[in-house]
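**Student:** for reference, the sequence and a predicted model appear below.
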Amino acid sequence: MFDQKEVISNRLEFLDKEKLAVLAEVNKSAAKDDIVERKKSKIKKQAQDTLVKMQDENLRVFKRGQ
């Protein structure tokens with residue numbers, strides 16, 4: 001009976017450690033997702049800014065030609 005309690009206690013301790021490890025991985029994953037989303041939005045903004053600048057340049061050239 002005592003051995004069973006010790007085995008169960010060891011198993012519970014192991015599972016607690018595994019839970020902490022999984023939670024740490026989830027937190028890392030969430031942080032990575034956050035970084036990726038910020039980079040995506042930054043790149044989208046840069047692309048939109050570049051497109052607007054190109055359109056402005058084309059509009060200026062078109063107006064000069066008239």
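**Tutor:** It's in. As the structure is a prediction and not an experimental result, all values here were calculated from the model. Numbers count the residues shown, from 1 in each chain.
**Student:** SS state for residue 28?
**Tutor:** Classification of residue 28 by DSSP: H, G, I helix; E, B strand; the rest coil places it in helix.
**Student:** what about the residue positioned nearest the centre of the chain, which helix or strand?
**Tutor:** Residue closest to the average C-alpha location in the chain (Cα atoms, centre = their mean): residue 33, at 1.2 Å. Using DSSP states H and E, residue 33 maps to helix 2-65.
**Student:** for that helix, give the mean pLDDT please.
**Tutor:** What helix 2-65 shows for mean pLDDT is 91.
**Student:** coming back round to it: from residue 27, how far off is the residue nearest to the centre of the chain?
**Tutor:** Distance of residue 33 to residue 27, computed by Cβ to Cβ, to the nearest Å: 11 Å. C-betas here are computed from N, CA, C, even on glycine.
**Student:** what's the answer for residue 21, then?
**Tutor:** Shown here: residue 21 relative to residue 27, a distance of 11 Å by Cβ to Cβ.
**Student:** now residue 58
**Tutor:** Computed with Cβ to Cβ, the distance linking residue 58 and residue 27 is 47 Å.
**Student:** could you do residue 44 as well?
**Tutor:** The gap separating residue 44 from residue 27 is 26 Å, by Cβ to Cβ.
**Student:** burial count for residue 40?
**Tutor:** Residue 40 has 10 neighbours, counted by other Cβ atoms under 10 Å.
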